[in-house]
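S.K.: no sequence on hand, only this structure:
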């Protein structure tokens, strides 16, 4: 992988980190506890609780991806960056642009 490709991937990672951090802040606001004295009807309260559970799952996945992106940013200058950890072949640039936290090529990830 060339230095120019790594720089492009680095910019992608930094952009994704920024977007995820904003999304996580919004999700943390949406996953605050629902007050029992809230004047919602029974059905509306259940819907709010279900929506909260969905947002908690999205928040959890977002935090995990953020951690992986930060790790990828730390690894980007290592010579093994962009090399599959299983088959040791190069991970395609297209995959690295879409999922820069990838440590496996498409074939090994399947």
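M.R.: Sure, I can see it. Here the structure is a predicted model, which is why all the values come from computation and not from measurement. Numbering: from 1, shown residues only.

S.K.: quick one, phi psi at the residue positioned nearest the centre of the chain?
M.R.: The chain has residue 65 as the residue nearest its centroid, 2.6 Å off, counting by Cα atoms, centre = their mean. Per-residue torsions, residue 65: phi -60, psi -40 (degrees, to the nearest 10).

S.K.: how about it: what's its closest non-neighbour residue?
M.R.: Spatial nearest neighbour of residue 65, chain neighbours left out: residue 20 (6.3 Å); criterion: Cβ to Cβ, 6 or more residues apart in numbering. C-beta: built from backbone N, CA, C; applies to glycine.

S.K.: and residue 28, what helix or strand is that in?
M.R.: Using DSSP states H and E, residue 28 sits in helix 3-30.

S.K.: dump the residue contacts of residue 107.
M.R.: residue 87 (Cβ atoms under 8 Å, 6 or more residues apart in numbering).

S.K.: for this structure, which segments count as helices?
M.R.: 3-30, 42-75, 93-98, 106-109 (DSSP state H).

S.K.: among the ones you listed, which is nearest residue 87?
M.R.: Between residue 87 and the helices of the chain, the shortest gap by Cβ to Cβ is with helix 106-109, which sits at 5.5 Å.

S.K.: any idea how far that closest one is from the chain center?
M.R.: Relative to the centre of its chain, helix 106-109 is centred 19 Å away, using Cα atoms, centre = their mean, to the nearest Å.
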